[in-house]
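**Q** Sequence isn't available, so here's the structure alone:
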Ligand code: SF4
Ligand code: SF4
């Protein structure tokens, strides 16, 4: 393990800017690396299989040069960018991929990915959107098929005991990350939004034990810090799907604000829900990914009235706003993203009703459109200052 | 659908009946309240039609209403309303067109917005959607609609089929898929019972399911008559004749429509009457929903001597006798098997041709069975469900099958701002030249 105490932040920055660095080393040591997309890939099972789960991200500052020949431009720009990065060879160390059904942009391009990348291992998982009991049972069957196919690939049995161990490790990892988040509650926060994004990006590129060690190291380092002097600035929460880079955080913090909280899939959406250890370990895993991970593709219909339903869907954001003393919320949604796109009016009015102003931005997952984002963010910050 | 700015010269008398039928479907939703019936916003090809029909629920098809608004070039006013409330222009325009309409009606206290195409669509008593059979808007659209129609209950049921994986025999997964889909269809029935106050008549459902099976069979048997040279019916017509299949499945009227179409096509075949005089090129409409505001483009193809004897669009059916459905006494389980087997029935074939996929095998089947010498795809920007993956189909087809000319057109289903008639016609002209060169080469 290459993290030593005291330099966690520097290590995170390195892993973030040279994404995949550690995975390459591990590959050279003979480990198998399985890539995945999004927060609904059951990483516990990959860990239990003895492979390295590696979440794929895009390169927001790189224009798409190879993907357009194979993938339509009507696909969400995040998916296109990640695919483009893979085609450019940035993920040449992958042994395979586990592709969860998140949305049309992923479901309808699964073949495009598998055909063009042609990796030794590929598995698509139909994770449902509805969360009732039959959906849980179905998900358990989907997970069993996944386990069988992984066992076939690695040649090793995945025991229930190994799954339970993996669940514990991932829960610990999530708990550590939440501890780190709590250091953002200070005013000013002890860790900046940009640094936090770097840690989150780095964390998803490491085996779970290394990821936990990194977060621990960052916590120790941050706790030792003197609180940053006096900058009084608005505290911002960002909400959206796949924000996997520091670009937007930089825009926000360069405009004299703090990014103190998020509701994104690389962040709190992934770290808040834990997996229960259940007699059949797949039960707890199915419940986590269906009922606890709150992505826009999770269909939630609890509540007798529409207002109660909104509370069930977005109530956690209200709690974040209070706990992290958020002054303004930025909804950051990619073009061509139906799941998040259809949520915008409901989400925006729900948050605004808490008295917190909201800026909605439709983005293209590219730093080339960042100047427009910058202007809008600056105007928003001026308004709420 | 059905009505266009420049009316297409409809080749079949059957297709000419469609505008009236589509209009009747819409007015049934407006009339329903007076008749004491419940209306459900519904989606096509999700397996819930038969439940609605057996329970006398009037389906209100948002996809149909948006298609009609688009065909009348009258959708923009609804799209703009949705956009004004922060729905991105890049979202499914069937959905945003409907939501814009709903927003307007709510602003008017429930009154029909002025000049609504064909009298508009009725306010629903419930919304039935699915996750996932087909697309994200099938559950996100109902959820977004409820933001404006807050009192309207929504049901979303899971509906899946095994994903294509050349290394996995999907038959080992079918059973748990069917079990799940059946359970979700039962939940749908419970929801409908709760909101109609009526119990399901299971015998009636069984006969609706049987009628639907027979309609699936008859539909494909009828469309197969289009294999004949000259071709008696074009895709331009099929974009109309989809109405009784997609929007009226499980009704006697739908079955009778295809009986009449079947008889008409047989007459045309006997008289050697084709869509196009001097048929020169036979094309497969390989994928994509059409630009409803520009259906006259099919006529443009026809004018160049090109005819489409077959399309994948709206052909989401196969004779059930080809699907080898396991016997069951539960009509809902039968529906579940029918859909799982439909979506997966090209899998075995694809496994036999290394490098191929089920979607490409389907294209190859149609190219060969209908003697096509070109493939045209339409890529509509606002729908990922049918339109992402077209490039891959074209790419694989090129690799695994002898060379065949392919055209990929770009546009949208509803949003006319993406359409340029002159450009489209230029692209078609160039494609016709390619087809001609290809034909010469083949001689
Ligand atoms: S941003 Fe939206 S479209 Fe893109 S992967 Fe996430 S949910 Fe899918
Ligand atoms: S299939 Fe496409 S056009 Fe139809 S509702 Fe879904 S996204 Fe919209």
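**A** Looks like it arrived, so ask away. Keep in mind that what you see is a predicted model, and the values were worked out from it rather than measured. Ligands and ions are numbered 1, 2, ... in the order given.
**Q** Checking my notes, residue B:59 in a strand, right?
**A** Yes. According to DSSP: H, G, I helix; E, B strand; the rest coil, residue B:59 belongs to a strand.
**Q** what sits against the residue nearest to residue B:106 when sequence neighbours are not counted?
**A** Leaving aside its sequence neighbours, residue B:106 sits nearest to residue B:148 (C-beta to C-beta, 6 or more residues apart in numbering or on different chains; 5.1 Å). Using the backbone N, CA and C atoms, a C-beta is placed for each residue, glycine as well. For residue B:148, the contact set (C-beta atoms under 8 Å, 6 or more residues apart in numbering or on different chains) comprises B:99, B:102, B:103, B:106.
**Q** Quick check: closest non-adjacent residue to the first one.
**A** In other words, residue B:99. Spatial nearest neighbour of residue B:99, chain neighbours left out: residue B:82 (4.9 Å); criterion: C-beta to C-beta, 6+ apart.
**Q** Which strand or helix spans that neighbour?
**A** helix B:76-84 (DSSP states H and E).
**Q** Report the buried residues of that helix.
**A** Going by neighbour count (16 or more other C-beta atoms under 10 Å in any protein chain shown), the buried part of helix B:76-84 is B:76, B:78, B:79, B:81, B:82.
**Q** Just confirm the residue nearest to residue B:106 is within a helix.
**A** No. Assessed with three-state DSSP, residue B:148 is coil; it does not lie in a helix.
**Q** For ligand 1, see how far away it is.
**A** Here residue B:148 is placed at a distance of 22 Å from ligand 1 (C-beta to the nearest ligand atom, to the nearest Å).
**Q** now swap in residue B:438 and tell me
**A** Using C-beta to the nearest ligand atom, we find residue B:438 at a distance of 37 Å from ligand 1.
**Q** Check residue A:194 too.
**A** Here the criterion is C-beta to the nearest ligand atom. By it, residue A:194 lies 21 Å from ligand 1.
**Q** That residue: how many residues sit nearby?
**A** Per other C-beta atoms under 10 Å in any protein chain shown, the neighbour tally for residue A:194 reads 19.
**Q** picking that back up, now the helix or strand following the helix holding residue B:82: buried residues?
**A** With elements assigned by DSSP H and E, the helix or strand that comes after helix B:76-84 is helix B:93-107. Neighbour counts using 16+ other C-beta under 10 Å place B:93-106 of helix B:93-107 among the buried residues.
**Q** how far out from the middle of the chain is helix B:93-107?
**A** Computed by C-alpha atoms, centre = their mean, to the nearest Å, the chain-centroid distance of helix B:93-107 equals 21 Å.
**Q** Strand partners (parallel or antiparallel) of the helix or strand just after it?
**A** Once helix B:93-107 ends, the next helix or strand along the chain (criterion: DSSP H and E) is strand B:126-132. If you go by DSSP bridges, strand B:126-132 pairs up with strand B:39-42 (parallel), strand B:154-159 (parallel).
**Q** Nearest to ligand 2 among those strands would be which one?
**A** Proximity to ligand 2 (C-beta to the nearest ligand atom) singles out strand B:39-42 among the strands paired with strand B:126-132, at 11.5 Å.
**Q** helices or strands next to the next helix or strand after the closest one in the packing?
**A** Sequence order places helix B:49-54 as the next helix or strand after strand B:39-42, per DSSP H and E. For helix B:49-54, the packing partners by 3 or more C-beta pairs under 8 Å, 6 or more residues apart in numbering or on different chains; DSSP states H and E come out as strand B:39-42, strand B:58-61, helix B:174-196, helix B:202-224, helix B:331-344.
**Q** any chance of these in CSV, with mean neighbour count too?
**A** Output for these, formatted as CSV (neighbours: other C-beta atoms under 10 Å in any protein chain shown):
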stretch, mean neighbour count
strand B:39-42, 26
strand B:58-61, 24
helix B:174-196, 20
helix B:202-224, 18
helix B:331-344, 23
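**Q** all helices for the stretch 301-443 of chain B, in order.
**A** Assigned by DSSP state H, counting those that start in this stretch, the helices in the stretch 301-443 of chain B fall at B:331-344, B:347-352, B:358-369, B:384-387, B:390-400, B:421-442.
**Q** With mean pLDDT and distance to chain A as added columns, please give those helices in CSV.
**A** Shown next, in CSV, are the helices of the stretch 301-443 of chain B (pLDDT from 0 to 100; distance: least, C-beta to the nearest C-beta, whole Å):
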stretch, mean pLDDT, distance to chain A
helix B:331-344, 98, 12
helix B:347-352, 96, 10
helix B:358-369, 97, 8
helix B:384-387, 90, 4
helix B:390-400, 95, 5
helix B:421-442, 93, 17
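**Q** quick one, what contacts the one residue sitting closest to the centre of chain A?
**A** The centroid of chain A falls nearest to residue A:266 when counting by C-alpha atoms, centre = their mean (1.7 Å). By C-beta under 8 Å, 6+ apart, the residues touching residue A:266 are A:39, A:55, A:57, A:200, A:201, A:204, A:242, A:243, A:244.
**Q** Within reach of ligand 2, which of those residues are there?
**A** Subset of the contacts of residue A:266 in contact with ligand 2: empty, counting by C-beta under 6 Å from any ligand atom.
**Q** so which of those is the most crowded?
**A** For these, the largest neighbour count, defined by other C-beta under 10 Å, is 29 neighbours, found at residue A:242.
**Q** So that one is in contact with residue A:265, correct?
**A** Yes. Using C-beta atoms under 8 Å, residue A:242 is in contact with residue A:265, at 5.8 Å.
**Q** between those two, what contacts are shared?
**A** residue A:38.
**Q** hang on, the earlier thing: just so I know, which of the strands paired with strand B:126-132 lies nearest residue B:415?
**A** Among these, strand B:39-42 comes nearest to residue B:415, with 21.1 Å by C-beta to C-beta.
**Q** got the angle for the helix or strand harbouring residue A:148 vs strand B:126-132?
**A** Assignment of secondary structure by DSSP H and E places residue A:148 within helix A:133-154. Interaxial angle of helix A:133-154 relative to strand B:126-132 (axes from the mean of the first three to the mean of the last three C-alpha atoms, to 10 degrees): 10 degrees.
**Q** now for helix A:133-154, which elements pack on it?
**A** Helix A:133-154 sits against helix A:43-48, strand A:121-125, helix A:281-287, strand B:154-159, helix B:174-196, with contacts defined as 3+ C-beta pairs under 8 Å, 6+ apart.
**Q** hmm, 7 Å instead?
**A** helix A:43-48, strand A:121-125, helix A:281-287, helix B:174-196 (3 or more C-beta pairs under 7 Å, 6 or more residues apart in numbering or on different chains; DSSP states H and E).
**Q** all strands for the stretch 201-350 of chain A, in order.
**A** Using DSSP state E, counting those that start in this stretch, the strands of the stretch 201-350 of chain A run over A:235-240, A:258-263, A:328-334.
**Q** Please name whichever of those strands is nearest to ligand 1.
**A** Relative to ligand 1, the nearest member of these by C-beta to the nearest ligand atom is strand A:328-334, separated by 4.7 Å.
**Q** Tell me what residue B:154 is bridged to.
**A** Going by DSSP bridges, residue B:154 forms beta bridges with residue B:127.
**Q** since we're on it, how many residues are nearby?
**A** Neighbourhood size, residue B:154 [other C-beta under 10 Å]: 21.
**Q** Brilliant, that's me finished.
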